[in-house]
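>>> quick one, structure for this:
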Amino acid sequence: MSQRREEQDMLDKVILGALNRCDVRWTALEKKVLTSCHSLATRTRFDNRLRYLLKKEYIQRVNRGVYHITDKGKQYMEVI
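Now for the predicted structure:
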C-alpha cells in the first residue's frame, strides 16, 4: 500500500471514529483531526477527505455544519 493511501486511510479513520461517538460540528471535527494527525493533516487534506466521505455516502450532513456517520461509513471504518 502506498504512503499516500495509508495517510488517507488514517485521516478517514480519525474522522469516522469521531463521528461514530456522536454527531460532530465541522469546526470541532477539524480541530480533532488536525491535532490527532498533526504530522500528516492539513486543512486542505481534511477538507478533501471530508468531501470524499460525503461523496461516497460514508457520512452525511444532518444540519448546517453538523455531520453524522452512516451505516455504510461504519462498515468502511471496520475495513480500514
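
>>> kindly export the helix or strand where V14 lies (C-alpha atoms) in CSV.
If you go by DSSP states H and E, V14 is part of helix 3-21. Extracted as CSV, the C-alpha positions of helix 3-21 are listed here (Å, rounded to 0.1, in the frame of the first residue of the first chain):
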residue,chain,number,x,y,z
GLN,A,3,2.3,6.0,1.7
ARG,A,4,-0.4,8.4,0.4
ARG,A,5,-3.1,5.8,0.7
GLU,A,6,-2.1,5.0,4.3
GLU,A,7,-2.3,8.7,5.2
GLN,A,8,-5.8,9.0,3.6
ASP,A,9,-6.9,5.9,5.5
MET,A,10,-5.6,7.4,8.7
LEU,A,11,-7.5,10.6,8.2
ASP,A,12,-10.7,8.7,7.2
LYS,A,13,-10.4,6.6,10.4
VAL,A,14,-10.0,9.6,12.7
ILE,A,15,-12.9,11.4,11.0
LEU,A,16,-15.2,8.3,11.1
GLY,A,17,-14.1,7.5,14.7
ALA,A,18,-15.1,10.9,15.9
LEU,A,19,-18.4,10.7,14.2
ASN,A,20,-19.0,7.2,15.5
ARG,A,21,-19.4,8.5,19.0
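
>>> chain center to whichever helix or strand comes after it, what's the gap?
Once the chain leaves helix 3-21, the next helix or strand it forms, by DSSP H and E, is strand 24-25. Per Cα atoms, centre = their mean, to the nearest Å, the displacement of strand 24-25 from the mean C-alpha position of its chain is 11 Å.

>>> what's in contact with strand 24-25?
With Cβ atoms under 8 Å, 6 or more residues apart in numbering as the contact definition, strand 24-25 has outside contacts at 18, 32, 65-67. For the C-beta atoms, the positions are set from N, CA and C on the backbone; glycine is no exception.

>>> repeat the analysis, applying 10 Å as the threshold.
When contacts are taken as Cβ atoms under 10 Å, 6 or more residues apart in numbering, the neighbours of strand 24-25 outside the stretch itself are 15, 18, 30-32, 59, 63-69.
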